[in-house]
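Participant: test case, fold it:
(chains A, B and C)
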Amino acid sequence: MSDRFAENLLTWYRREKRDLPWRKTDDPYRIWVSEIMLQQTRVDTVIPYWHRFLAAFPTVHHLANADRQQVLKLWEGLGYYSRGRNLHDAARTVADKYDGRLPDTYEKISALKGIGPYSAAAILSIAFNKPYAVVDGNVIRVITRYFGIEEDIRSASVRNRVREHAEELIPNNEPGDFNQAVMELGATVCTPKNPQCSSCPVSAGCIANQTSRTDVIPYKSKAKKIPHHKIGVGLIVNQSGKLLIALRPEDAMLGGLWEFPGGKNDTGESLEETVIRELREELGVEVRVSEKYMQLKHAYSHFKITLHAYWCTIISGNPQPKSSEKLKWVSLDELEQHPFPKANKILVEGLQNMQPEDLKRFLIK
DNA sequence: GATTCGTGGCA
DNA sequence: TTGCCAAGAAT
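Facilitator: Numbers count the residues shown, from 1 in each chain, chains lettered A, B, ... in the order given. As a prediction, the model looks like this:
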């Protein structure tokens, strides 16, 4: 019965809830950081990042006073880097405008960068004990199954119905635990595949369970296939044995992270020609492409790449940041101080296993 | 409303 | 190997 949904769920939650680090604090700032990191990201992935981030920035003021590169270095590998940039910006707003204290109204907290409907409800309910219902992927799955909603969950109308159900079910006394309990149920019991209905505290009232339709609810229309690109990048060494890296613009994909210069292979063009063209466009230099250093596959959120990295020698010109924010020559040891996206990080890790002397044969002549 | 935004785990 | 999905937000 839905009138006992919250009661049964909360009893289960108190017994089964996982021992997560952000459940041991009542500091709104720490809860805020956890909710941003948890967007589209699994609990097990977030835990070490959360510890490192809060060790470096124990208060809103520490984060507000940090520089961007330090914030992004701590976000390196976590993905969706605009989350880190927006969190940093929002911390500065909270420090300046609210004296370091996160506001506790839906309107004010939603105005902060990176806080949308989910995060606002999560923070207000968990940190401030206010009865705002969260709607995330877990809640959508639990609610559509429980009420037997079979329409496409991509549609806004379904998401609104889910939100209305959640708002109807959430109790006024412990809204934070209720929200976390629904999400916990979705993450551990009411899973996308092979849900463990025999262990579910609300299975008795669940329509999908009663009708054996958990395999088709929730329904989601197929995603479009994502494209695959070939990428060519250049590794350039100067006479000090340093490598050239480029900083991506703040508003771009992977903004604020570093990379080896290069770009997308055009059809009809060899990869060597791609590297020559891209370095001409990006750096304003002419290069000779020598041997391949590494080749790797990587999947971003909306396209896949095969990345080909080549050792290059500058024939003429002096590198200028024509399409990047800035350029920098760094030693093998200095590489690790900079935040790199995953695919470039693979290249960096390989380079760090080289000896500096091994770079000599790729020096500019 | 549809797209853009990372990365890792899993069947 | 491939596609799906994960405590979504911004445009």
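Participant: from the middle of its chain, how far away would stretch A:133-152 be?
Facilitator: 23 Å (Cα atoms, centre = their mean, to the nearest Å).
Participant: what helix or strand does residue A:350 sit in?
Facilitator: Residue A:350 belongs to helix A:342-351 when assigned by DSSP states H and E.
Participant: how about the CA coordinates for that helix, as PDB?
Facilitator: Output of helix A:342-351 as PDB, limited to C-alpha atoms (Å, rounded to 0.1, in the frame of the first residue of the first chain):
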ATOM      1  CA  LYS A 342      41.600  10.600 -19.600                       C
ATOM      2  CA  ALA A 343      42.800  10.000 -23.100                       C
ATOM      3  CA  ASN A 344      45.700  12.500 -22.700                       C
ATOM      4  CA  LYS A 345      46.400  11.100 -19.200                       C
ATOM      5  CA  ILE A 346      47.100   7.700 -20.900                       C
ATOM      6  CA  LEU A 347      49.800   9.400 -23.000                       C
ATOM      7  CA  VAL A 348      51.200  11.200 -19.900                       C
ATOM      8  CA  GLU A 349      51.500   8.000 -17.900                       C
ATOM      9  CA  GLY A 350      53.400   6.400 -20.800                       C
ATOM     10  CA  LEU A 351      55.700   9.400 -21.100                       C
END
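Participant: anything in stretch A:131-144 near DNA strand C?
Facilitator: Yes. Using Cβ under 7 Å from any atom of the strand, stretch A:131-144 reaches DNA strand C at A:136-138, A:141. Just so you know, the C-beta spots here come from the backbone N, C-alpha and C atoms, and that holds for glycine as well.
Participant: whichever of these end up buried, select them in ChimeraX.
Facilitator: Restricted to buried positions by 16 or more other Cβ atoms under 10 Å, the ChimeraX selection for those reads:
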select /A:136,138,141
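Participant: just flag the most distant two among the residues of stretch A:131-144 next to DNA strand C.
Facilitator: Maximum pairwise distance among the residues of stretch A:131-144 next to DNA strand C (Cβ to Cβ): 9.3 Å, between A:136 and A:141.
Participant: how about the backbone phi and psi for the residue in chain A that DNA strand C sits nearest to?
Facilitator: Residue nearest to DNA strand C within chain A (Cβ to the nearest atom of the strand): residue A:116, separated by 2.6 Å. Phi and psi for residue A:116, reported as degrees, to the nearest 10, are phi -100, psi -160.
Participant: one more: the one 4 residues further on?
Facilitator: Dihedral angles of residue A:120 (phi, psi; degrees, to the nearest 10) stand at phi -60, psi -50.
Participant: looks like it contacts residue A:109 (just checking).
Facilitator: Yes. Contact criterion Cβ atoms under 8 Å: residue A:120 and residue A:109 qualify, at 5.1 Å.
Participant: what does the stretch 201-350 of chain A put close to DNA strand C?
Facilitator: Proximity of the stretch 201-350 of chain A to DNA strand C, by Cβ under 7 Å from any atom of the strand, involves residues A:220, A:222-223, A:225, A:299, A:301.
Participant: can you spell out the domain ranges of chain A, please?
Facilitator: What automatic domain parsing lists as the domains of chain A is A:2-210, A:228-362.
Participant: need the CA coordinates for the longest helix belonging to chain A. PDB is fine.
Facilitator: Scanning chain A for the helix with the most residues, using DSSP state H, yields helix A:82-97. Provided in PDB are the C-alpha atoms of helix A:82-97 (Å, rounded to 0.1, in the frame of the first residue of the first chain):
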ATOM      1  CA  SER A  82      31.900  21.900 -15.900                       C
ATOM      2  CA  ARG A  83      30.700  20.500 -12.500                       C
ATOM      3  CA  GLY A  84      34.100  21.400 -11.000                       C
ATOM      4  CA  ARG A  85      34.200  24.800 -12.600                       C
ATOM      5  CA  ASN A  86      30.700  25.600 -11.600                       C
ATOM      6  CA  LEU A  87      31.200  24.400  -8.000                       C
ATOM      7  CA  HIS A  88      34.300  26.600  -7.800                       C
ATOM      8  CA  ASP A  89      32.400  29.600  -9.100                       C
ATOM      9  CA  ALA A  90      29.400  28.900  -6.800                       C
ATOM     10  CA  ALA A  91      31.800  28.600  -3.800                       C
ATOM     11  CA  ARG A  92      33.100  32.100  -4.600                       C
ATOM     12  CA  THR A  93      29.500  33.400  -4.800                       C
ATOM     13  CA  VAL A  94      28.600  31.800  -1.400                       C
ATOM     14  CA  ALA A  95      31.800  33.200   0.200                       C
ATOM     15  CA  ASP A  96      31.200  36.700  -1.200                       C
ATOM     16  CA  LYS A  97      27.400  36.900  -1.000                       C
END
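Participant: centre of the chain to that helix, how far?
Facilitator: Chain-centre distance of helix A:82-97: 16 Å, with Cα atoms, centre = their mean.
Participant: contacting residues for whichever residue of chain A sits closest to DNA strand B?
Facilitator: Proximity to DNA strand B, evaluated over chain A using Cβ to the nearest atom of the strand, is greatest for residue A:79 at 2.5 Å. Taking Cβ atoms under 8 Å, 6 or more residues apart in numbering as the criterion, residue A:79 is in contact with A:40-41, A:301.
Participant: which one (most neighbours) among the residues you listed?
Facilitator: Highest neighbour count within the contacts of residue A:79, by other Cβ atoms under 10 Å: residue A:41, with 15 neighbours.
Participant: and that residue, how far from residue A:337?
Facilitator: Using Cβ to Cβ, to the nearest Å, one gets 24 Å for the distance from residue A:41 to residue A:337.
Participant: now do the contacts for the residue nearest to residue A:34 when sequence neighbours are not counted.
Facilitator: Closest residue to residue A:34 apart from its sequence neighbours, by Cβ to Cβ, 6 or more residues apart in numbering: residue A:22 at 3.7 Å. Neighbouring residues of residue A:22 by Cβ under 8 Å, 6+ apart: A:30-31, A:33-34, A:50.
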